[in-house]
Structure formats: C-alpha cells, structure tokens
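K.L.:
The following block contains a protein sequence and its predicted model.
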Amino acid sequence: MKEILNNLFENKYLSQEQARDILTRIAKGEFNANQIASFITVFLMRNISIDELIGFRQSLLDMRYKVDLSDFEFIDIVGTGGDNKNTFNISTTSCFVVAGAGYKVVKHGNYGATSISGASNVIECHGVKFTKNIDQLRRSLDKTNITYLHAPLFNPALKEVAPIRKSLGVKTFFNLLGPLVNPSLPKYQLLGVYDLKMERMYNYLYQQTGTKYAVVHSLDGYDEISLTDNFKICTSQEERVYSPEELNFKRASRNSLFGGDTPEEAAKIFDNILNNEATESQTNCVIANSAFAIQVMEPKKNIEECIAIAHESIKSGRAAKVLKKYVELNS
C-alpha cells in the first residue's frame with residue numbers, strides 16, 4: 001500500500017489491473033483503517049480515471065455473492081449519492097412506483113453514507129429483514145415485482161469500508177461504484193449522477209457493458225431528476241436536455257425535496273408518496289424518475305406515455321399495494 005500511495009500522491013494513475021488488485025486486497029483485510037482512508041482520500045483530491053473505475057468495478061464483481069435472476073427482465077433505479085442535497089429517497093420510491101406499474105425491479109442499495117437516509121435505512125424502517133437467500137429474493141420478485149439487495153450482504157469490500165466511508169461523511173469513489181456492481185447484473189438501469197463529467201463517464205462505461213440505460217443529471221447538481229432545474233438524459237441513442245415545464249411539471253423548490261433529519265422522517269415521505277398523500281413537488285419528482293425508468297424498459301413508448309403510467313401506479317393504489325405486500329413477505 002505504501003508504494004501505491006506514494007505513486008498516487010505523485011499524481012500517477014492506477015491501471016485497470018492495479019485498481020482491481022488493490023480493492024481485492026482491501027476486501028481481504030490486508031490494510032488498516034488509516035491506510036484505507038488515505039487511499040480513499042486520494043480520489044477526493046482528483047477525478048477517478050475510466051481505467052481505475054473499470055478495475056474497481058471488476059474487483060467487486062469478482063467477489064460478489066452472485067444472484068441469478070436471469071429468467072426475469074428487471075431494472076435497477078439508483079443514484080450515486082454524494083450530491084449533498086439530503087433529499088428524500090427518490091430512487092427507492094421510484095422503484096416501488098415502477099413495480100406498481102407492473103415492471104420487475106431489483107434494487108441494490110445501502111445505508112446512507114453522505115445523507116441521513118439511504119435505501120437500506122428507509123426499507124429497514126418498515127421492518128424488512130435483509131437477506132441473500134436466493135429463494136426469498138426470487139419469491140419477492142415474483143410476488144411483488146420488487147426485491148432488494150442490501151449491498152454489504154453481497155460484497156465484502158463494501159462491508160469492509162463502510163465504517164470509514166461513514167466517518168469521512170463525504171462522497172467517495174464508492175458512490176460511483178455502487179450503481180455499477182448490482183450483483184444481479186440488471187439488463188436495464190436508470191442512474192442518477194451528481195455532475196456532467198460523471199454522466200459522460202457512465203455513458204461511456206454502459207456502452208461497454210451492453211446494459212440498456214439512461215443516465216440522468218439535474219443541472220443544478222442533483223443526482224436524479226429533481227425538477228428544480230433543467231435536466232440532462234444520456235442513453236446509447238441520444239443526449240437531451242429537458243425542462244420540467246415541457247413535460248408539464250411545475251418547477252420544484254429545493255426545500256420541497258428535503259428528506260428530513262432522521263431516517264424515520266424520510267420513510268414517512270416515502271410512505272406519503274406511495275399512498276398518494278404527498279406534496280405535488282414530491283410526487284412529481286418521483287413520477288418523472290419513474291417515467292424515464294419505464295422508458296428504458298419500453299423505449300418505443302414516448303415519455304408522456306411513461307409519465308401517465310407512473311402517475312397511474314400511484315393514483316390507482318398499486319404502488320402502495322406493492323409496498324404492503326413487499327413488507328409482509330420480507331419482514
């Protein structure tokens with residue numbers, strides 16, 4: 001590690017193989033917390049390279065607890081985090097809306113590292129017990145259209161660095177890796193990122209993997225479609241900037257998306273949206289993200305159709321029914 005750190009401090013970059021090796025050794029517990037924190041800090045001082053990101057990703061996928069759900073067609077909806085906005089759980093709520101619309105969702109997530117409430121926090125608030133039992137995961141996906149993969153159960157490296165990430169309290173390259181290492185290897189993915197450079201990087205990476213995807217970024221810095229500003233969508237076919245107004249949404253204020261001061265407060269917002277009892281800004285934000293996720297799976301549908309499908313999932317009560325059944329099955 002000393003040699004690696006010295007090279008990094010001299011502004012040198014890791015090759016794919018070096019990145020793959022060092023993260024594997026971190027997962028095996030070969031380095032102490034101070035060494036790992038120093039290593040992580042390097043990537044707070046400079047941007048990660050494509051080769052480094054690919055190498056880190058391959059390491060985590062090599063070591064993952066494999067989840068074979070290949071007989072299902074499913075999507076993951078996820079954000080990198082690290083935008084320092086402390087919004088409610090927009091991606092997680094969108095997963096249940098998409099599931100309520102009849103699509104299969106395999107959500108990969110974790111506890112919040114840079115925000116009050118990550119996906120695992122809000123799901124755990126409902127009494128759900130995390131598992132890596134494949135029969136239970138398959139049953140949930142079959143019966144409720146959604147299953148949840150709590151990241152530390154499926155990747156030892158993420159578990160090893162979790163306390164260090166939490167103590168640092170800032171975005172790290174693990175925020176960038178999380179969306180890339182869903183152990184079920186989803187064919188479809190909607191990913192939110194916190195800046196345009198990351199959007200370009202992921203756009204390039206996804207084109208190498210064969211994933212059907214959309215990468216989204218709100219131009220005022222949110223790692224999702226916040227409707228607080230114009231937002232950019234990148235797919236393998238196009239790049240396009242939308243305004244909220246052209247999709248018939250009102251522009252939202254930043255305060256309207258605040259996720260609260262505790263996971264319980266965030267969970268209450270999550271419940272209110274699915275029960276069609278939330279504010280217009282909260283609901284519209286989730287509908288917008290859900291709609292673009294649906295369009296990833298149904299590219300022949302225009303975005304207005306997908307918005308209508310997402311809205312109906314909430315209005316009809318189907319999204320709330322998915323949550324109720326999911327909690328009953330997984331608690």
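P.N.:
Ah, there it is.
K.L.:
Strands along the stretch 101-250 of the chain, start to end?
P.N.:
104-109, 146-150, 188-192, 212-218, 231-234, 239-242 (DSSP state E, counting those that start in this stretch).
K.L.:
Any idea which of those gets closest to residue 260?
P.N.:
strand 104-109 (17.8 Å; C-beta to C-beta). C-beta coordinates here come from the backbone N, C-alpha and C atoms, glycine included.
K.L.:
Would you mind putting the CA coordinates of that closest one into CSV?
P.N.:
Coordinates of each C-alpha in strand 104-109 appear next as CSV, following Å, rounded to 0.1, in the frame of the first residue of the first chain:
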residue,chain,number,x,y,z
LYS,A,104,-39.8,-6.1,-12.2
VAL,A,105,-37.3,-4.1,-10.1
VAL,A,106,-34.1,-5.4,-8.4
LYS,A,107,-32.9,-2.6,-6.2
HIS,A,108,-29.3,-2.6,-5.0
GLY,A,109,-28.6,-0.2,-2.1
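K.L.:
Going by contacts, tell me the helices and strands next to it.
P.N.:
strand 74-79, helix 90-100, helix 119-124, strand 146-150, helix 151-154 (3 or more C-beta pairs under 8 Å, 6 or more residues apart in numbering; DSSP states H and E).
K.L.:
Need the contact partners of it.
P.N.:
With C-beta atoms under 8 Å, 6 or more residues apart in numbering as the test, strand 104-109 has contacts from 67, 69, 72-78, 91-92, 95-96, 98-99, 118-120, 123, 141, 145-151, 154, 178-179, 181-184, 186.
K.L.:
Each with direction, which strands does that strand pair with?
P.N.:
According to DSSP bridges, strand 104-109 forms sheet pairs with strand 74-79 (parallel), strand 146-150 (parallel).
K.L.:
Report the beta-bridge partner residues of residue 190.
P.N.:
For residue 190, the beta-bridge partners are residue 77, residue 214 (DSSP bridges).
K.L.:
And it, how far from residue 174?
P.N.:
20 Å (C-beta to C-beta, to the nearest Å).
K.L.:
quick one, which of these two is more surrounded?
P.N.:
residue 190 (31 against 25; other C-beta atoms under 10 Å).
K.L.:
per-domain residue ranges of this structure.
P.N.:
2-63, 74-330 (automatic domain parsing).
K.L.:
Adding mean pLDDT, write these out as TSV.
P.N.:
Below are the domains of the chain laid out as TSV (pLDDT from 0 to 100):
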stretch	mean pLDDT
domain 2-63	90
domain 74-330	93
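K.L.:
Distance-wise, check the most centrally placed residue in the chain relative to residue 18.
P.N.:
By C-alpha atoms, centre = their mean, the chain has its centre lying nearest to residue 78, at 2.0 Å. When distance is defined by C-beta to C-beta, residue 78 is 27 Å away from residue 18.
K.L.:
What of residue 302?
P.N.:
Distance, residue 302 to residue 18, using C-beta to C-beta: 45 Å.
K.L.:
Residue 227 too?
P.N.:
Residue 227 is 41 Å from residue 18, by C-beta to C-beta.
K.L.:
which one of those two has more residues nearby?
P.N.:
Comparing residue 227 with residue 18 by other C-beta under 10 Å, the one with more neighbours is residue 227, at 27 against 16.
K.L.:
For the more buried one, which residues are in contact?
P.N.:
218, 244, 249, 250, 251, 252, 281, 284, 285, 288.
K.L.:
For stretch 37-49, C-alpha coordinates in PDB please.
P.N.:
In PDB, the C-alpha atoms belonging to stretch 37-49 read as follows (Å, rounded to 0.1, in the frame of the first residue of the first chain):
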ATOM      1  CA  ALA A  37      -8.800   6.200   4.500                       C
ATOM      2  CA  SER A  38      -5.600   7.600   2.900                       C
ATOM      3  CA  PHE A  39      -6.300   5.600  -0.300                       C
ATOM      4  CA  ILE A  40      -9.900   6.800  -0.500                       C
ATOM      5  CA  THR A  41      -8.800  10.400   0.200                       C
ATOM      6  CA  VAL A  42      -6.700  10.500  -3.000                       C
ATOM      7  CA  PHE A  43      -9.800  10.200  -5.100                       C
ATOM      8  CA  LEU A  44     -11.300  13.200  -3.200                       C
ATOM      9  CA  MET A  45      -8.400  15.300  -4.500                       C
ATOM     10  CA  ARG A  46      -8.600  14.200  -8.100                       C
ATOM     11  CA  ASN A  47     -11.000  12.600 -10.500                       C
ATOM     12  CA  ILE A  48     -11.100   8.900 -11.000                       C
ATOM     13  CA  SER A  49     -10.000   7.600 -14.400                       C
END
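K.L.:
tell me which residues of that stretch are tucked away?
P.N.:
Within stretch 37-49, the residues that count as buried by 16 or more other C-beta atoms under 10 Å are 37, 38, 39, 40, 42, 43, 48, 49.
K.L.:
Provide a list of residues in contact with the fourth one.
P.N.:
Right, residue 40. Per C-beta under 8 Å, 6+ apart, neighbours of residue 40: 161, 164, 165, 168, 172, 173, 174.
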